[in-house]
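Colleague: fold the following for me, if possible:
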Amino acid sequence: MTHARPTGKIMLVGLGPGSHEYMTGRARSAIAEADTVIGYATYIRLVKDLLEGKEVIKKAMTEELDRAIEAYDRARQGKKVAIVSSGDAGVYGMAGPTFEVLFQAGWTPDSGIEVEIVPGASALNTCASLVGAPLTHDFCAISLSDLLTPWPTIARRLDAVAYADFVVALYNPKSGKRTRQIQEAQRIFLRHRDPQTPVAVVKSAFRAKQRVEFTTLEKLLDADIGMLTTVLIGNSNTFVKHGLMITPRGYANKYDVEIGNSAARDGEKAGHSLSSGLNGWLAAIHASGQSPAELARIYRLPEEYIAAVLSEPLDIDEDDSNDVSE
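Modeller: Numbering: from 1, shown residues only. Okay, the predicted model is just below:
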């Protein structure tokens, strides 16, 4: 009687911020299931009390591909391998490098090695929870690490999101060797943002050396910023009150937001787009009689986009009441 070769498995485990109470149940059970646990030494330390009896492979910060190769080699032997990442493995974590290695090796989902991604709370989630509600409206994340990304690419992204008024989470803002990147990020943001824009600087969220600091865009460089820091830059509506950083969702644009009164403002309808939403805006620019160039300056939008919109017949869908975002 012959036995089938054991099926190997790679589990990309997001540990969240690192403290066990904020780790998902699946993350803990994946580590328990694993024969081998691979990770950056700091991440291994975060789960050291879960590793008894397991093969543990520690790698340096810059050895991401080596971690993935080690995991693949052991999975080919039929072992179950957990690659641990802080935060979420798919957000500046090990999921990407691992799939690159697997595809290079000819792996496919039906090749006998299962791959599971175990999600965890990323730094932007955990840091935001410590400072209030800064991510309630549109936001994005940008890494300032230029170890693998050209600086002009990073700078273009910074400039675009600063101009577009996103709330921004800056990952990897500074390290022992990379000190000027955060200075350049501030320079770019100050081209488009008020110097008094609120900023939260969070270091080692939910870990022993946790530190939370509120500052402004103008004074950002005076803050304690390092490799374990995430920087949250507010948008033009973000404010700090009672030690909490809040980005309004926009209800005040439509409703009289007062205790005991939530009626829609004049010209607005509950459950429908704003009067200045897409339909209202289309009607307004078509009726304005202004040129695409003039409208582009008013709305800070590309002239080509305005011209394209104006070239089409005005066709407004009156029934937009199925929007459940409120």
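
Colleague: which stretches of this structure have low pLDDT?
Modeller: Filtered on pLDDT under 70, the chain yields the residue ranges 1-6, 61-62, 251-262, 316-326.

Colleague: strands of that one, residue ranges please.
Modeller: 8-14, 36-40, 55-59, 80-85, 113-118, 132-133, 139-143, 167-171, 198-203, 211-216, 229-233, 239-241, 244-246 (DSSP state E).

Colleague: kindly reformat those as TSV containing mean neighbour count and distance to Leu158.
Modeller: No exception for glycine: its C-beta is placed from N, CA and C like everyone else's. Output for the strands of the chain, formatted as TSV (neighbours: other CB atoms under 10 Å; distance: least, CB to CB, whole Å):
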stretch	mean neighbour count	distance to Leu158
strand 8-14	26	26
strand 36-40	23	26
strand 55-59	16	30
strand 80-85	26	24
strand 113-118	18	28
strand 132-133	18	23
strand 139-143	18	6
strand 167-171	24	8
strand 198-203	24	14
strand 211-216	17	17
strand 229-233	26	10
strand 239-241	14	22
strand 244-246	18	20
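
Colleague: test my guess that Pro119 contacts Ser85.
Modeller: No - look at Pro119 against Ser85 with CB atoms under 8 Å: they stay out of range, at 10.6 Å.

Colleague: shared neighbours, the two?
Modeller: Common neighbours of Pro119 and Ser85, counting by CB atoms under 8 Å, 6 or more residues apart in numbering, are Gly14.

Colleague: sorry, back to before: next, format the strands of the chain as CSV and append distance to Gln290.
Modeller: Output for the strands of the chain, formatted as CSV (distance: least, CB to CB, whole Å):
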stretch, distance to Gln290
strand 8-14, 50
strand 36-40, 56
strand 55-59, 59
strand 80-85, 51
strand 113-118, 50
strand 132-133, 38
strand 139-143, 31
strand 167-171, 31
strand 198-203, 35
strand 211-216, 36
strand 229-233, 33
strand 239-241, 33
strand 244-246, 36
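
Colleague: so which residues of this protein form helices?
Modeller: With DSSP state H, the ranges of helices along the chain come out as 25-33, 41-46, 64-76, 95-104, 123-131, 151-163, 181-190, 278-288, 292-299, 303-310.

Colleague: other SSEs contacting the fifth one?
Modeller: Spelled out, it's helix 123-131. Counting contacts by 3 or more CB pairs under 8 Å, 6 or more residues apart in numbering; DSSP states H and E, helix 123-131 packs against strand 167-171, strand 198-203, strand 211-216, strand 229-233.

Colleague: check the last one too.
Modeller: With contacts defined as 3+ CB pairs under 8 Å, 6+ apart, the packing partners of helix 303-310 are helix 278-288, helix 292-299.

Colleague: repeat that for the second one.
Modeller: The helices and strands touching helix 41-46, judged by 3+ CB pairs under 8 Å, 6+ apart, are strand 55-59, strand 80-85.

Colleague: so what are the domain limits for this structure?
Modeller: 8-121, 124-246, 266-310 (automatic domain parsing).

Colleague: tell me how far the last one lies from the chain's centre.
Modeller: Taking the mean C-alpha point of domain 266-310 and that of its whole chain, the gap between them comes to 30 Å (CA atoms, centre = their mean, to the nearest Å).
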